[in-house]
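*Asks:* compute the structure for the input listed below.
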Amino acid sequence: MEYKQIQELLKAVNKSNISELSIKDGDFEITIKQANTETQFVAVQASMPQMMQQAPQQMMHAPQAPQQIAAAPAAPSAPAAEASNTVTIKSPMIGTFYRSSGPDKPAFVAVGDEIKTGQVICIVEAMKLFNEIESEISGRIVKVLVDDASPIEYDQPLFLVEPA
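*Replies:* Take a look at the predicted model:
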């Protein structure tokens with residue numbers, strides 16, 4: 001299963017009422033369990049190169065401390081309360097958040113910028129892959145909730161946007 005397919009699968013499960021989904025295809029097996037607001041992700045693949053095997057093993061250890069995972073996204077939700085007319089853009093994956101395509105390049109978006117649906121707003125690096133994150137809404141950036149080059153979690157709030 002491709003990384004993009006896993007991302008899309010996570011999005012679909014997150015938006016649906018499915019509480020658990022298991023897929024097995026040969027040596028590849030994936031199980032996604034969704035509690036109230038927390039999504040757990042466990043992937044195991046027997047025929048992966050050694051570097052690739054380390055990441056799923058680390059992910060399997062992550063659910064042992066769900067209180068820590070749940071506490072991280074809860075803290076940034078306070079700014080959402082101060083501006084109830086805003087929409088929160090959340091991270092579609094775990095990785096490192098970058099506001100620009102390079103250290104000497106300008107940020108994709110800044111506070112006050114008007115954005116459109118499909119516009120690249122940041123990059124998330126995951127396992128040495130740089131993924132451009134596109135906006136799913138049009139509007140104006142009210143606040144950037146994450147510092148540049150910071151590690152981020154799945155579904156962590158990244159931007160507050162005032163819809164157009």
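*Asks:* rest of the way, CA atoms for contacts and neighbours
*Replies:* Will do.
*Asks:* okay, and for the chain, where does confidence drop off?
*Replies:* Filtered on pLDDT under 70, the chain yields the residue ranges 1, 35-83.
*Asks:* tell me the secondary structure for Ser101?
*Replies:* coil (DSSP: H, G, I helix; E, B strand; the rest coil).
*Asks:* now do Thr31
*Replies:* Three-state assignment for Thr31 (three-state DSSP): strand.
*Asks:* what does Lys4 give?
*Replies:* Quick answer, by three-state DSSP: Lys4 is helix.
*Asks:* run a quick neighbour tally on it.
*Replies:* Per other C-alpha atoms under 10 Å, the neighbour tally for Lys4 reads 10.
*Asks:* tell me the spacing between it and Lys11.
*Replies:* Going from Lys4 to Lys11 by C-alpha to C-alpha, to the nearest Å gives 11 Å.
*Asks:* and for Gly95?
*Replies:* 16 Å.
*Asks:* these two: who's more crowded?
*Replies:* Gly95 (22 against 14).
*Asks:* test my guess that the more buried one contacts Gln156.
*Replies:* No: the criterion here is C-alpha atoms under 8 Å, and Gly95 misses it with Gln156 at 10.7 Å.
*Asks:* overlap in contacts of the two?
*Replies:* Counting by C-alpha atoms under 8 Å, 6 or more residues apart in numbering, Gly95 and Gln156 have no common neighbour.
*Asks:* helix, strand, or coil at Asp155?
*Replies:* Under three-state DSSP, the three-state class of Asp155 is coil.
*Asks:* and what of Leu9?
*Replies:* Following three-state DSSP, we place Leu9 in the helix state.
*Asks:* measure it to Val109 for me?
*Replies:* If you go by C-alpha to C-alpha, the gap between Leu9 and Val109 works out to 27 Å.
*Asks:* among these two, which residue is more densely surrounded?
*Replies:* Neighbours per residue (other C-alpha under 10 Å) separate Leu9 from Val109, with Val109 holding more: 19 against 14.
*Asks:* isn't that one up against Ile121?
*Replies:* Yes: applying C-alpha under 8 Å, one finds Val109 in contact with Ile121, separated by 5.7 Å.
*Asks:* common neighbours of these two, please.
*Replies:* By C-alpha under 8 Å, 6+ apart, Val109 and Ile121 have these common neighbours: Arg99.
*Asks:* please enumerate the helices of this protein.
*Replies:* Secondary structure of the chain (DSSP state H): helices at 3-15, 50-61, 66-74, 77-82.
*Asks:* fine, thanks again, bye for now.
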